[in-house]
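> Sequence first, then the predicted structure, then my questions.
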Number of protein chains: 2
Amino acid sequence: MNRYLLGIDIGGTKVEAAIARTNNVAPGRGEPARQVLGRATVLTANEGGRAVLDSVEQAIAGALADGQIDREAVSAAGVGVPGQVDTGQGIVRLAVNLNLNSFPLGQELARSLGGIPVRLENDVRLAAIGLYEALTSGPAAEPIRHLAYLSIGTGVAVGVVLNGVLYRGAGGMAGEIGHIIVEPDGALCPCGLRGCLETVASGPAIARQAAALPGLTGDLGPQPDAAGVYAAARQGHPQASQLVQRVSGHLARAIHWVAMAYDVERIILGGGVAAAGDAFWSPIAAELQQLREMSTLAHQMLPEERVTTLRHMRGVPEPFNPGVWGALALADQP
Amino acid sequence: MNRYLLGIDIGGTKVEAAIARTNNVAPGRGEPARQVLGRATVLTANEGGRAVLDSVEQAIAGALADGQIDREAVSAAGVGVPGQVDTGQGIVRLAVNLNLNSFPLGQELARSLGGIPVRLENDVRLAAIGLYEALTSGPAAEPIRHLAYLSIGTGVAVGVVLNGVLYRGAGGMAGEIGHIIVEPDGALCPCGLRGCLETVASGPAIARQAAALPGLTGDLGPQPDAAGVYAAARQGHPQASQLVQRVSGHLARAIHWVAMAYDVERIILGGGVAAAGDAFWSPIAAELQQLREMSTLAHQMLPEERVTTLRHMRGVPEPFNPGVWGALALADQP
């Protein structure tokens, strides 16, 4: 019997939904676990609970129409949220970019979907699940057991799959490495500490640092964003290059920490800042190469094939949003 | 039917062995998993494989005599080694302090013990297993699932129990955080990188830093060790206090990283440097308290009861060497 599943990824700017059929195959058999039949993307109305819910409903309706599947045929849904989630209760505790605070998104969606199970999870963690499933299923399946997805965007965090399953930690905070201290006397972080990784390497932090450089604001305007900084650095702008160098050094060290902490077989970089592509990745790759040349241990822990970005990786289905993939996997859990 | 198990912890200076009887109780029943019947400690002859093996044999003979158990009654053994271990093959890959390099310690011991299973593991990881088992069994059992043991001695590393089981990572290197970079332009580490945590906070690193301070060498002699530095700081020696302050800041941030990376319910500090007791712990506790006061998130992730040292913790059996405990647990695995 076929089961139809909904996977939804709620981002700060868009909501993406997919409807899929499970293939009822055992994992590791070299076949994809499920087949996507329909997709839809809508802009996120991020003015609080009701507005977000409306966007999600629109995306669901679009995906169902695209796949020609009846709403009544859906047996479960998984939802990725950019923020802190109470997975047991189906409540979004805090999602700043969606203006959600203790909103029972899971319960509301379950009601509108006729009482089927609706599971929520943090979007970075879902992407880790999605990447793991994509890499370990299908004809090109790799025999990996451990993976980290490092998201660099509005925030910085890592989602980890260890021994084949998502690791959340005691309070669901495992991998919130945006708040490890990298510059003890650095900039004040919204979390209250000084010099957290997010105060250096997140999108807003890159923009803030750029705004303080007259040479950059002169060329890029008074409010340069991270993408603008990376583009300028790519074209040889000296101040932009210096800033990108600084950010890349911190990110390379963060990648090295992730390798030492979790000893995973794959570290994949994604998120809004990583979307700058080669301009983002090349300076990090150069920093990592330097660590490898300095240290046999660093080379052992960070071989070239172990680290990549979403944009540069191979072996995933097209079109591929790991958040949606992870949301489908979450919906598919027994 | 009773089973007798051997647990052995090989340290750079001494080998400790224990013989125990399994109680054949299900875990989590509020009863200790096994009962120690005999113990022995001998000095480590650390001049390579044959010498180390002799020390281990002596410790085993001592424990068996102490417990009045026949060698033939032993059904399995677990062994903790201060270094890199190939757990599958029973080989010590590299244990610098024992002068071992690719030595088949597991096979040799299995032979001398009549062919019973002998399992090797890194000593820091075994201590994590031992602490986890001690805290989650017995009448005062705590319902924890995740624990980190941070060892600060000749090296710095963390052993983690996640979801109730030891996490080793893809290559058995998970938690080797002594080699995360904390000072990008810092001292050269034997691993080849600059400014690894071990170049600041390990026992030899504290000694090296102290040796470069004329005010300290004048008072402590030309080769001050970490224990001497901590004792001098405790007595108000200004240069020693400054050095301890620096080390404690780095260790507090490392503890914070461990909390953010793994989100564990307990972080326990041990190892030779931590043996300095209050002189070691008080300045770290003060640094952690400062982080809590700055940040709600830091407070949430590092509540006071979450972090302690082996010397300060409650709820463990006496006398308690978590390495031996973990070695017994390893021997007890099916």
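Received, thanks.

> quick one: stretch A:163-181 to chain centroid distance?
The chain centroid and the centroid of stretch A:163-181 are separated by 13 Å, computed with Cα atoms, centre = their mean, to the nearest Å.

> Quick one: mean pLDDT over that stretch.
Stretch A:163-181 shows a mean pLDDT of 95.

> now check that stretch, is it near chain B?
Yes: Stretch A:163-181 reaches chain B (Cβ under 8 Å from any Cβ of the partner chain) through A:163, A:167-177, A:179-181. The way it works is simple: take the backbone N, C-alpha and C, and place the C-beta from them, glycine included.

> Please spell out which residues along that stretch are buried.
Residues of stretch A:163-181 classed as buried: A:166-170, A:172-181 (neighbour count, 16 or more other Cβ atoms under 10 Å in any protein chain shown).

> Could you identify the helix or strand that succeeds the helix or strand encompassing A:Ser55?
Here A:Ser55 sits within helix A:49-67, counting by DSSP states H and E. Moving toward the C-terminus from helix A:49-67, the next helix or strand (DSSP H and E) is strand A:74-81.

> helices or strands next to the helix holding A:Ser55 in the packing?
Under the contact criterion of 3 or more Cβ pairs under 8 Å, 6 or more residues apart in numbering or on different chains; DSSP states H and E, helix A:49-67 touches strand A:4-10, strand A:14-22, strand A:34-43, strand A:100-103, helix A:105-112.

> Tabulate the ones you listed in TSV, adding columns for mean pLDDT and mean neighbour count.
Formatted as TSV, the helices and strands packed on helix A:49-67 follow (pLDDT from 0 to 100; neighbours: other Cβ atoms under 10 Å in any protein chain shown):
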stretch	mean pLDDT	mean neighbour count
strand A:4-10	96	28
strand A:14-22	95	23
strand A:34-43	94	18
strand A:100-103	93	18
helix A:105-112	95	18
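
> and of those, who's closest to A:Leu150?
strand A:4-10 (17.4 Å; Cβ to Cβ).

> Could you export that closest one as PDB, CA atoms only?
C-alpha atoms of strand A:4-10 as PDB (Å, rounded to 0.1, in the frame of the first residue of the first chain):
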ATOM      1  CA  TYR A   4       1.900   9.800   0.800                       C
ATOM      2  CA  LEU A   5       4.000  12.100   2.900                       C
ATOM      3  CA  LEU A   6       4.400  15.900   3.100                       C
ATOM      4  CA  GLY A   7       7.800  17.500   3.600                       C
ATOM      5  CA  ILE A   8       7.800  21.200   4.300                       C
ATOM      6  CA  ASP A   9      10.800  23.600   4.800                       C
ATOM      7  CA  ILE A  10       9.900  27.000   6.300                       C
END
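
> how's chain A carved up into domains?
A:4-130+A:320-331, A:141-309 (automatic domain parsing).

> any idea how far A:Ile152 is from the residue positioned nearest the centre of chain A?
Using Cα atoms, centre = their mean, the residue of chain A that lies closest to the mean C-alpha position is A:Val124, 3.7 Å off. As judged by Cβ to Cβ, to the nearest Å, A:Val124 and A:Ile152 stand 10 Å apart.

> try A:Asp54
When A:Asp54 is compared with A:Ile152 (using Cβ to Cβ), they lie 29 Å apart.

> ok, now which ones touch whichever residue of the stretch 201-334 of chain A sits closest to chain B?
Here the stretch 201-334 of chain A gets closest to chain B at one residue, A:Asp263, 2.4 Å apart by Cβ to the nearest Cβ. Contacts of A:Asp263 were listed using Cβ atoms under 8 Å, 6 or more residues apart in numbering or on different chains, and they are A:His146, A:Met301, B:Arg168, B:Gly169, B:Ala170, B:Gly171, B:Gly172, B:Met173, B:Ala174, B:Gly175, B:Glu176.

> Tabulate those residues (a markdown table), appending distance to A:Ile60 and secondary structure.
Below are those laid out as a markdown table (distance: Cβ to Cβ, whole Å; DSSP: H, G, I helix; E, B strand; the rest coil):
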| residue | distance to A:Ile60 | secondary structure |
| --- | --- | --- |
| A:His146 | 33 | coil |
| A:Met301 | 42 | helix |
| B:Arg168 | 41 | coil |
| B:Gly169 | 39 | coil |
| B:Ala170 | 38 | coil |
| B:Gly171 | 42 | coil |
| B:Gly172 | 44 | coil |
| B:Met173 | 43 | coil |
| B:Ala174 | 39 | coil |
| B:Gly175 | 42 | coil |
| B:Glu176 | 45 | coil |
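
> For those residues, give me JSON lines that also has distance to B:Pro322.
As requested, the contacts of A:Asp263 are exported to JSON lines (distance: Cβ to Cβ, whole Å):
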{"residue": "A:His146", "distance to B:Pro322": "25"}
{"residue": "A:Met301", "distance to B:Pro322": "26"}
{"residue": "B:Arg168", "distance to B:Pro322": "17"}
{"residue": "B:Gly169", "distance to B:Pro322": "20"}
{"residue": "B:Ala170", "distance to B:Pro322": "25"}
{"residue": "B:Gly171", "distance to B:Pro322": "24"}
{"residue": "B:Gly172", "distance to B:Pro322": "19"}
{"residue": "B:Met173", "distance to B:Pro322": "21"}
{"residue": "B:Ala174", "distance to B:Pro322": "18"}
{"residue": "B:Gly175", "distance to B:Pro322": "15"}
{"residue": "B:Glu176", "distance to B:Pro322": "19"}
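
> could you pull out the helices for the stretch 101-250 of chain A?
A:105-112, A:123-136, A:198-201, A:203-211, A:214-220, A:226-234, A:238-262 (DSSP state H, counting those that start in this stretch).

> quick one: the longest one to helix A:226-234, angle?
To tie it back to what came earlier, the one meant is helix A:238-262. For helix A:238-262 against helix A:226-234, the angle by axes from the mean of the first three to the mean of the last three Cα atoms, to 10 degrees is 110 degrees.

> Check the stretch 1-150 of chain A for the residue nearest chain B and tell me.
A:His146 (5.2 Å).

> Would you mind listing what in the stretch 151-300 of chain A touches chain B?
Going by Cβ under 8 Å from any Cβ, the residues of the stretch 151-300 of chain A near chain B are A:162-163, A:167-177, A:179-181, A:184, A:189, A:191-194, A:249, A:253, A:256-257, A:260-265, A:291, A:294-298, A:300.
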